[in-house]
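Participant: dropping the sequence and predicted coords here.
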Amino acid sequence: MLQHFIQLLSSPHIEVVEQVIWGIGNIAGDSPMTRDSVLNSGALEKIASVLEVAQPGTSFMRNASWAVSNMCRGRPQPSYNLVRGAIPCLIKVLCENDKENIITDICWALSYLSDSAQQRLGDLLKPQLIIRLIQLMRHENCAIAIPCLRTIGNIVTGDDSQTQLAIDASLIPTLADLLQHPKKTVRKESCWVLSNITAGTEQHL
């Protein structure tokens with residue numbers, strides 16, 4: 001069935017492709033085993049290429065963003081080599097969209113991709129992404145603010161130059177404001193990011 005779905009991603013009918021992406025996203029979200037089967041089939045690359053040219057704000061883009069997010073999440077984590085190719089299109093979509101249901105999935109996908117391994121961070125050190133994440137840390141929807149905080153928090157666990165990139169994008173004033181946020185979870189995540197910064201150089205402290 002999965003290989004049949006992969007073939008249908010090349011259909012000239014957008015309605016068919018959208019339904020196929022929805023089906024693949026469901027398979028990927030079922031378990032780490034089915035997620036890995038989807039990744040090994042090459043579906044992520046095809047869906048990422050479709051997502052990159054989709055019209056901003058459409059249901060098509062919403063389904064594709066959700067499917068890609070499902071392929072990036074879970075424990076144990078997916079092999080990074082199988083998911084890193086999605087990062088450029090995720091950055092593009094995040095920077096070009098404002099619809100909450102789209103950017104929520106993208107933000108969570110990026111938080112998963114930035115987790116656990118310092119060597120991953122180089123793929124995320126794009127000025128436009130860092131600026132956008134810091135902007136979205138202030139979003140009124142905590143389902144958007146929290147994954148942005150986690151991604152930035154992971155970035156500032158990197159080397160001093162990586163931390164400096166985030167600081168130069170006005171990270172610290174944003175965190176200072178978020179310490180007054182009405183939601184405890186946002187305040188807690190902000191403190192965690194600050195603790196990662198203060199663990200760096202004397203200048204950062």
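Facilitator: Here it is on my side, so go on.
Participant: what's next to the lengthiest helix in the chain, contact-wise?
Facilitator: What stands out as the longest helix in the chain, according to DSSP state H, is helix 14-30. Residues outside helix 14-30 that contact it (Cβ atoms under 8 Å, 6 or more residues apart in numbering): 2, 5, 8-9, 11, 34-35, 37-39, 43, 47, 50, 59-60, 63-64, 66-67, 70-71, 73. Every C-beta, even on glycine, is put in place using the N, C-alpha and C of the backbone.
Participant: C-alpha coordinates for that helix, PDB please?
Facilitator: What follows is helix 14-30, C-alpha atoms only, in PDB (Å, rounded to 0.1, in the frame of the first residue of the first chain):
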ATOM      1  CA  ILE A  14      -4.000  17.900  -6.800                       C
ATOM      2  CA  GLU A  15      -7.000  16.500  -4.900                       C
ATOM      3  CA  VAL A  16      -5.500  13.000  -5.200                       C
ATOM      4  CA  VAL A  17      -2.100  14.100  -4.100                       C
ATOM      5  CA  GLU A  18      -3.600  15.900  -1.100                       C
ATOM      6  CA  GLN A  19      -5.500  12.800   0.000                       C
ATOM      7  CA  VAL A  20      -2.400  10.600  -0.500                       C
ATOM      8  CA  ILE A  21      -0.300  13.000   1.700                       C
ATOM      9  CA  TRP A  22      -3.000  12.800   4.400                       C
ATOM     10  CA  GLY A  23      -2.800   9.000   4.200                       C
ATOM     11  CA  ILE A  24       1.000   8.900   4.500                       C
ATOM     12  CA  GLY A  25       0.800  11.400   7.400                       C
ATOM     13  CA  ASN A  26      -1.500   9.000   9.200                       C
ATOM     14  CA  ILE A  27       0.800   6.100   8.600                       C
ATOM     15  CA  ALA A  28       3.900   8.000   9.800                       C
ATOM     16  CA  GLY A  29       2.000   9.200  12.900                       C
ATOM     17  CA  ASP A  30       0.900   5.700  13.900                       C
END
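Participant: give the buried residues for the helix or strand just after that helix.
Facilitator: The helix or strand immediately downstream of helix 14-30 is helix 32-40, counting by DSSP states H and E. Within helix 32-40, the residues that qualify as buried are 34, 35, 36, 38, 39, counting by 16 or more other Cβ atoms under 10 Å.
Participant: can you spell out the domain ranges of the chain, please?
Facilitator: 1-113, 137-205 (automatic domain parsing).
Participant: ends of the longest one, what's the gap?
Facilitator: In other words, domain 1-113. Distance across domain 1-113, first residue to last, is 28 Å (Cα to Cα, to the nearest Å).
Participant: that's all I had, so thanks and see you.
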